[in-house]
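1. compute the structure for the input listed below.
(2 chains)
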There are 2 protein chains.
Amino acid sequence: METRNVHYFFLLFWTVFCFGTAETHNVSTPNIIIMLMDDMGWGDLGVFGEPSKETPHLDKMAAQGMLFPNFYAANPLCSPSRAALLTGRLPIRNGFYTTNAHARNAYTPQEVVGGITKDEILLPQVLKKQGYISKIVGKWHLGHSEQHLPLEHGFDQFFGSPHCHFGPYNDSVCPNIPVYNNSQMIGRYYEEFQINRKTGESDLTQHFLQEALDFISNQNTAHQPFFLYWAPDATHDPVYASKQFLGRSQRGRYGDAVMELDNSVGKILAQLVKLGIDKNTFVFFTSDNGAAVMSGPGQSGSNGPFLCGKETTFEGGMREPAIAWWPGRIPAGTVSYQLGTVMDLFTTSLALASLNAPDDRIIDGLDLSSSFFNNSVIERPVFYYRGNEMMAVRVGLYKAHYWTWTNSWEEFKKGINFCPGQEVPGVTNHIQQEHTMQPLIFHLGRDPGETHPISVLSAEYQQVLGRINAIVEQHKRTLVPGEPQLNMCDLAVMNWAPPGCEKLGKCLKAPPSKPWKCDWPH
Amino acid sequence: METRNVHYFFLLFWTVFCFGTAETHNVSTPNIIIMLMDDMGWGDLGVFGEPSKETPHLDKMAAQGMLFPNFYAANPLCSPSRAALLTGRLPIRNGFYTTNAHARNAYTPQEVVGGITKDEILLPQVLKKQGYISKIVGKWHLGHSEQHLPLEHGFDQFFGSPHCHFGPYNDSVCPNIPVYNNSQMIGRYYEEFQINRKTGESDLTQHFLQEALDFISNQNTAHQPFFLYWAPDATHDPVYASKQFLGRSQRGRYGDAVMELDNSVGKILAQLVKLGIDKNTFVFFTSDNGAAVMSGPGQSGSNGPFLCGKETTFEGGMREPAIAWWPGRIPAGTVSYQLGTVMDLFTTSLALASLNAPDDRIIDGLDLSSSFFNNSVIERPVFYYRGNEMMAVRVGLYKAHYWTWTNSWEEFKKGINFCPGQEVPGVTNHIQQEHTMQPLIFHLGRDPGETHPISVLSAEYQQVLGRINAIVEQHKRTLVPGEPQLNMCDLAVMNWAPPGCEKLGKCLKAPPSKPWKCDWPH
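-> Numbering: from 1, shown residues only, chains lettered A, B, ... in the order given. Below is the predicted model:
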C-alpha cells in the first residue's frame, strides 16, 4: 500500500498540474479491464443455461460479481458497437453508419475508406488524464488506415489487428489482414499468424491471453494504473481454437472457442488475484453483438430465448452476456436489472477513474456505479439502430419496433437467414416494414422472444405507446447525426502496405484509387 | 452446539434401538426443505434472464448456493411429477399414469378414484427411521380419498389441500376443494379460504408461509430434525397473490404471484439464518412442470429459450428452475451441469440423512451429493414420459424424440395451444407422431429450442442414435409398469364429506357411485 500511495501522490501531482481537473481528495484510479467478445451470444454462458459446460470460469466470475441479464450492444454489428463502446456514443452520433441505403448495417472491411475520426474522444484519451496506460489486445475494427489506428486514438499499446481474421486471400486480389505490435505490422493472418481453415486450429487466443497477462504484470511492476481492452475474436466466423481446446467441447468448433476464451478469462482474473490487485481492478465482460446464428450451429453461438441474431434489431441481435467483477467493491453473486449498454462502459470507466465524461457533446452512456455499489436501477431507454434508422426502442419492459426487417428476399433466397427456425409472421420481414404510425410493441417480461405483439386495441398498448412516443420524439428532436464515415469504399485503401511491411518484405502494390459508394446489403 | 449434540446422542440411541439400521458413527440428520412451485417456468428467475425484477431472493439464493440449469420434472403435469418426487420413481413405475388412451397426461381431479398406493414408499416414511418429523404445506395432489391423504403416507403434519384451487363450484354439482389441517378439513377454497377470481386476491401464500415458519421454529425448539415439503400453488391458474403483492409486478397477476413466492422463500431462508440452523438445513427449490403457456401471458410464466410448455415433453414442459442451498456445505455461486430430476430429491434427501433408499424396487432418483460437494457430473439419461409412453430421452446433450405431439387438432381448434407462437413443422404435431424407427434428435447445446433436428443422414445422427437406442432398449427391457392408478373416475368419490366436515357443518351428500373410465384429452 505504501508504494501505491506514493504513486497516487505523484499521479495526483501530475494530474492537478497538467490538467487542473482532478480534485485533491478522494481520487481513485482502479485498473480497468473490458473484455469484449466477438459474436458471442447471451445464451452461451452456463449460468444462463448453456448445458455444455464450456464456461466454468465465467460462471464463477458471475458468482463473484454482478450479472446483467439486460445488457445491450449499441448495434447488431461489430464495428459500430465497438466504436460506441469506446466513445460512449451511439453510432449515429460518432459516424459509424452509412447513408448509402436505408437501415443497413455497415462496418470496416478492408475496402472501406473511413474509420473513427479525430473529432471523437475515445476512452483511453480521457483516461490518460489520470495517468492510465491503455492497451488494446485483439480486434480493433474502427478503421485500418494510419489515421484510424488505435495508437492515433489514445491507446499506448496495440497487439492485434484492425480487422476480423477473414481469409486467406490471394495477394494479387486482396492482401491478407495485418497483425500489429503497436504501430508496426509484424505479420499477416494466414501467413505469420496461422489459422487452419480446415481444422479450425489457431493459437491466436493464446497470443492474446499472453499479451494481456504480460501487460497486467508489467503495469503492476510499474505501479501505473492501466486500461486493458481485451478483444479476442475466436468466436467470430471462421471460429478457431488452439490445439489444446480443439475437439474438447460438445458443441463443435464454436464451443471449443468458447472454452478457450473462458479459460483465458479465468487466467486473467487469477493473475489479478495472484498479483494482489483484484481489489483494485474493475473487470467487465460482454460481447459486441448477438450470436451470428446465420453461420449455422457449429460456427455460431446461442441467443438463448431471444429472437434472431446478429445484424437484426430483435433481442437476439443486441442482448449480450454481461458480468461486472470487482471483489470487495461489487457484491458477489448479485443480479442487476439495470438496462445497460456497451456505451455505459465509457461513462462508467471514467466515473470509476474519478474523471468526467466530455461535456461538449452528447454522451449516450450511463454511469453504472450506482448499479454496482447499491444495486439501484436507473430508468433509461435503449435505442436499437440499424445504419441510419432507429428501428426500435426499449423503455422498461416494453420494446417498440418502428421498423422491422431481417434481410432482403434476394439475400434470404441465397440461404442467408438471420432468424433460422424463428420466422414470426409480420415481425421477421424480408422487406423493410414501417410501423412508425403503429409500432409493434412487445412486453419483454411476458414475451422475451418477441412473438406476441400487444394488441393495438388494448388499453395497455395505448398507454405504453404514448409513453414511448414521447421518448422517441425527444430523442429524434435533439439528434444531430454525425457525418457518416462508412459510405465510401476503394480497393486502393486496403492493407497493401501497412507501416512496418518494408521491414518484413511484405509490402504489396496497391491498385490505383477508384472510390465507390459501398454496397451494404444488410 | 452442546444441546444439539445431546440431541444427536438421543436420536442415535433411539434410531439404533428402534431400527438397528444406522451406524453408530458419522450419522448426519440435516433438516430438509423441498420448495416445490406449481407451473413455474425455468425462465421466471432473474438469474435466468427474466427482466421484471420479481425474484431478488431467489437470485440471492442462487448466489449463495448451486444453480442447476439442467434440472427436470418427472412429467409435464403436476400429480405424476409430485408422486415421482416423493417416491423417487417414474410415474410409469409408481402408477401415476393412465392406460385409457395412448400417451395422455393424467392427474388427480376430484372425480378420480385413485391416488398413491400403500405399496409405494414415500420420502417421509423413510426419513422417520432417523427421527425426522415431516410436514407438507400446500398442494398434495396424490389423491384425496382418505387412504390417499398425506398422513397415511408418512407425513406427520399437513396444512393445505389435496388439489389445485380450482373453483368456485356450485355445491350441488361439485364440492369446493377442502383445506386440511392434519387429518381434518378446516374449510373449503372460495368459502373459508377465499380466492377472488375477479381481482386475483387471496392470502393463501401468506398462510402457507406462516405454516412453514411456525413448523421450522417449533421443530427447532423441539430439537428434532425435520422435513418440510413446501408446495404453494399461487402460480397455478387461476393465479393469485395477497393484497400487498397484487399489482406490484410488471408482468401482471402471474408476476405478482412470483413476487410473493420469492418474498416467502426469502423469509424462510432468513428464518433458518436467524435460528442459526442454516448450516444444518438443506434447501432445494424447484417446480413441478414447465410454465402453463397455454393460459396466456398474464396467467403463466416463461420457459426461457425452451419449446412449448406444460403438458408436452418438449423442454418447455419439463425443464425446471432449480437451486440447492446449504451454507457452508454447498459452495456458493456455483453452477452444476448435472442432469437432475425431481426424483433425485428422494434419493439425495435419504443420502443426506444417512439413510439408504429402498432396495426392493427400482429407484430412478440419483444421489446428487457429489454434485453438491464436488461439483462432479454423473452421466445418466433423463426419460420424458407422457402417460404410458416414453416420448423422449436425453443423453448428455442429445435428446431423441420417439414420439411427438402437443395436443389434438380438435383441442387445438378450440384454442388450447401448448406452444403458442412456437410451431415447428414436423415437431409440434397435432396428431401423435411416431418416430421410433428414426427418432428426431436435437443437440440441446447447439439448439436449446429444439427447432433443428439433426439430419438423419449425418454421421453424428447415426453415432448418437446407436448410443441412445441402447439406453432406451435397456430401459424398456427392464421396465415393469406399475398398476395404473388414474384410469377410473366416479362422481361419488369427490370431496363431498371429507373428515372433519361434520364439525363444520359442511358435509355434502354424495351421488351414487357410477364409475367410468376417465377421459384424458391431453
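2. what's residue A:330 in contact with, if anything?
-> By C-beta atoms under 8 Å, 6 or more residues apart in numbering or on different chains, the contact set of residue A:330 is A:65-66, A:282, A:324, A:372-373. No exception for glycine: its C-beta is placed from N, CA and C like everyone else's.
3. contacting residues for residue A:278?
-> A:269, A:272, A:327-328.
4. need the residues of the stretch 101-250 of chain A near chain B, please.
-> Contact residues, the stretch 101-250 of chain A versus chain B (C-beta under 8 Å from any C-beta of the partner chain): residue A:250.
5. show me where the stretch 101-250 of chain A has its helices.
-> Ranges of helices within the stretch 101-250 of chain A are A:123-127, A:204-221, based on DSSP state H, counting those that start in this stretch.
6. once you drop chain neighbours, what's closest to residue A:446?
-> Spatial nearest neighbour of residue A:446, excluding adjacent residues (C-beta to C-beta, 6 or more residues apart in numbering or on different chains): residue B:297 at 3.8 Å.
7. touching, that neighbour and residue A:442? I think so.
-> No - contact criterion C-beta atoms under 8 Å: residue B:297 and residue A:442 do not qualify, at 10.4 Å.
8. and residue A:375, how many neighbours?
-> Neighbour count for residue A:375, taken as other C-beta atoms under 10 Å in any protein chain shown: 16.
9. what's around the residue in the stretch 251-400 of chain A that chain B sits nearest to, how many residues?
-> Relative to chain B, the nearest point of the stretch 251-400 of chain A is residue A:333 (2.4 Å; C-beta to the nearest C-beta). Around residue A:333 there are 21 other residues, counting by other C-beta under 10 Å.
10. residue A:395 is in contact with residue A:471, correct?
-> Yes - with contact defined as C-beta under 8 Å, residue A:471 reaches residue A:395; the gap is 5.9 Å.
11. what's in contact with the strand or helix carrying residue A:32?
-> Using DSSP states H and E, residue A:32 falls within strand A:31-37. Contacts of strand A:31-37 with the rest of the structure, by C-beta under 8 Å, 6+ apart, involve A:82, A:85, A:127, A:132, A:138, A:216, A:219, A:225-232, A:235, A:261, A:265, A:268, A:277, A:280-288, A:321, A:342, A:345, A:349, A:352-353.
12. so for the very next helix or strand once past it, what gets flagged as buried?
-> Moving toward the C-terminus from strand A:31-37, the next helix or strand (DSSP H and E) is helix A:56-64. Neighbour-count burial for helix A:56-64, counted by 16 or more other C-beta atoms under 10 Å in any protein chain shown, picks out A:56-64.
13. check stretch A:134-151 too.
-> Those would be A:134-145, A:148-151, for stretch A:134-151 by 16+ other C-beta under 10 Å.
14. next, work out how far apart the residue positioned nearest the centre of chain A and residue A:160 are.
-> For chain A, residue A:288 is the residue whose C-alpha lies nearest the centre (C-alpha atoms, centre = their mean; 3.0 Å). Distance from residue A:288 to residue A:160, counting by C-beta to C-beta, to the nearest Å: 14 Å.
15. got it, and residue A:363?
-> 26 Å.
16. and what of residue A:242?
-> According to C-beta to C-beta, residue A:242 stands 16 Å off from residue A:160.
17. out of these two, which sits in the more crowded spot?
-> The residue with more neighbours, out of residue A:242 and residue A:160, is residue A:160; 25 against 20, by other C-beta under 10 Å.
18. wait, the more buried one sits on residue A:137?
-> Yes - look at residue A:160 against residue A:137 with C-beta under 8 Å: they come within range, at 5.6 Å.
19. if we can go back for a sec, can you select the buried ones from the contacts of residue A:330 in ChimeraX?
-> Buried subset of those, written as a ChimeraX selection, criterion 16+ other C-beta under 10 Å:
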select /A:65,66,282,324,372
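20. please narrow the contacts of residue A:330 to those residing in helices.
-> Using DSSP state H, the members of the contacts of residue A:330 that fall within helices are A:372-373.
21. redo the contacts of residue A:330 as TSV? Include distance to residue A:521.
-> Shown next, in TSV, are those (distance: C-beta to C-beta, whole Å):
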residue	distance to residue A:521
A:65	39
A:66	39
A:282	39
A:324	36
A:372	40
A:373	45
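22. now the contacts of residue A:330 in JSON lines, with pLDDT and distance to residue B:495?
-> Listed next are these as JSON lines, based on pLDDT from 0 to 100; distance: C-beta to C-beta, whole Å:
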{"residue": "A:65", "pLDDT": "96", "distance to residue B:495": "51"}
{"residue": "A:66", "pLDDT": "97", "distance to residue B:495": "49"}
{"residue": "A:282", "pLDDT": "98", "distance to residue B:495": "60"}
{"residue": "A:324", "pLDDT": "98", "distance to residue B:495": "53"}
{"residue": "A:372", "pLDDT": "97", "distance to residue B:495": "54"}
{"residue": "A:373", "pLDDT": "96", "distance to residue B:495": "54"}
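23. any idea which of the contacts of residue A:330 is closest to residue B:498?
-> Checking the contacts of residue A:330 against residue B:498 with C-beta to C-beta, the nearest one is residue A:66 at 50.1 Å.
24. can you pull the contacts of that closest one?
-> Counting by C-beta under 8 Å, 6+ apart, residue A:66 touches A:323-325, A:330-331, A:334-336, A:371-372, A:375.
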